[in-house]
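Novice: pasting the structure only:
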């Protein structure tokens, strides 16, 4: 094969042709990748964004890497063109041509001169810091692949964060705005309700998060664990967004509860007013009945009827005030207390009415008993009996006179009952045995 040089044995014609074909394919693949990187949406966004923090630092390095990439690619293109020109001189390359091609294809024949700015910003591990470098074509391809991978990784990561977070933040912010309007309509406001304070905090956090994500997306990128060969290996860090989304959901549930309280509160207040109104009417009826009892019933102690408690009306007014000002957290326990007190008040009013009207009920019972015995006597053909008529008239005068002495009237009814029982041969309730007929004109006649 000839004398070996610094690059090893001289390549033969077939080796040269195979090397040129491989390098040509690599050149085409590298060019396609560089053009795709140039047109990548993430790269265009990075070029136009006002970057800060980690993203600005890494984009400065990535821009320098991309600039150096193109310089490497141009040198690679020139070297490949030179090799093709030498190979195309003649069909059967001379030894001198093969020696030159071997040096060009295998030796450090490629000199890359980079700008001071570009090389200064490229990380040292990928050749940063030198104004010119010597490469073999294989080394140059390896260097380009490394620069391309690191640049694409940075671009893809930033683009992934921008694709994932700002749109979601905007949707959550729109939902937040609707929630704030609903909260305001039901009185959930900052400083007045804890949920209102939470909404203010979520609003501030989301605004700050969006600003940071737009200017420094890589601060919200979590690289994949281990070494990933895929560009952009990792995921956007959505922990802050997720936390605020959960907080907003909690606030929405709180507002739903407030809405339920608000809807229930109106119905509960109406029911409370109705219960207290019924209690007042019952007490008014008891007071009226007491006057009637005092006028119609003698020798009877009638309980005094108290007026409606003003404290319940005051508390009801306070509840209505809480509702007007949407102070639901104060309204709910007050309503519960009022509902119990209102039911107790209605029960007390009914008991007062029952106690007051008891003498009238006794008189009505006596009247009913007297008429029932009269009807029974009539069914047996004794309605015209003089003795029974006399006893009936005496009892009736007492029961239908005012004021009525219930104790005396009750005794008169019992005398009529006993007289009727004697004639009918029955036993009057409360009497042992069927008593013998008495002298109808005797004592008690």
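Specialist: Alright, I've got the coordinates. Remember, it's a predicted structure, so these values are computed and weren't measured experimentally.
Novice: can you give me the strands in the stretch 51-200 of the chain?
Specialist: Remark: strands of the stretch 51-200 of the chain, listed N- to C-terminal, are 110-113, 132-135; assignment by DSSP state E, counting those that start in this stretch.
Novice: kindly reformat these as a markdown table containing mean neighbour count and distance to residue 316.
Specialist: All C-beta atoms are positioned from the backbone trio N, CA, C, and that covers glycine. Supplementary listing: the strands of the stretch 51-200 of the chain in a markdown table, determined by neighbours: other CB atoms under 10 Å; distance: least, CB to CB, whole Å:
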| stretch | mean neighbour count | distance to residue 316 |
| --- | --- | --- |
| strand 110-113 | 16 | 89 |
| strand 132-135 | 16 | 90 |
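Novice: distance to residue 103 for those strands - can I get that in TSV?
Specialist: Formatted as TSV, those follow (distance: least, CB to CB, whole Å):
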stretch	distance to residue 103
strand 110-113	11
strand 132-135	12
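Novice: would CSV of the ones you listed with distance to residue 344 and mean pLDDT be doable?
Specialist: As requested, the strands of the stretch 51-200 of the chain are arranged in CSV below (distance: least, CB to CB, whole Å; pLDDT from 0 to 100):
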stretch, distance to residue 344, mean pLDDT
strand 110-113, 96, 78
strand 132-135, 96, 79
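Novice: so which of the ones you listed is nearest residue 164?
Specialist: Across the strands of the stretch 51-200 of the chain, the minimum distance to residue 164, taken as CB to CB, is reached by strand 110-113, at 37.3 Å.
Novice: which strands and helices sit next to that closest one?
Specialist: Contact partners of strand 110-113 among helices and strands, from 3 or more CB pairs under 8 Å, 6 or more residues apart in numbering; DSSP states H and E: helix 53-87, strand 132-135, helix 137-185.
Novice: these: lowest mean pLDDT?
Specialist: The stretch with the lowest average pLDDT out of the helices and strands packed on strand 110-113 is strand 132-135, scoring a mean of 79.
Novice: what lines up beside that strand in the sheet?
Specialist: Strand 132-135 pairs in its sheet with strand 110-113 (antiparallel), by DSSP bridges.
Novice: where's the strand it pairs with relative to the chain centroid, distance-wise?
Specialist: Its chain's C-alpha centre lies 63 Å from the corresponding centre of strand 110-113 when counted by CA atoms, centre = their mean, to the nearest Å.
Novice: residues in contact with it?
Specialist: Strand 110-113 is contacted from outside by 71-72, 75-76, 79, 131-137, 140, using CB atoms under 8 Å, 6 or more residues apart in numbering.
Novice: over to stretch 370-385?
Specialist: Outside stretch 370-385, the residues that touch it by CB under 8 Å, 6+ apart are 388-389, 392, 395-396, 399, 413, 416-417, 420, 423-424.
Novice: tell me the helices and strands packed up against the strand or helix carrying residue 205.
Specialist: Residue 205 is located in helix 194-215, with elements delineated by DSSP states H and E. Packing contacts for helix 194-215, counted by 3+ CB pairs under 8 Å, 6+ apart, involve helix 137-185, helix 239-296.
Novice: wait, which of the contacts of stretch 370-385 is closest to residue 17?
Specialist: residue 399 (139.3 Å).
Novice: possible to save the helices and strands packed on strand 110-113 as a markdown table with distance to residue 199?
Specialist: Conversion of these to a markdown table gives the following (distance: least, CB to CB, whole Å):
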| stretch | distance to residue 199 |
| --- | --- |
| helix 53-87 | 28 |
| strand 132-135 | 58 |
| helix 137-185 | 5 |
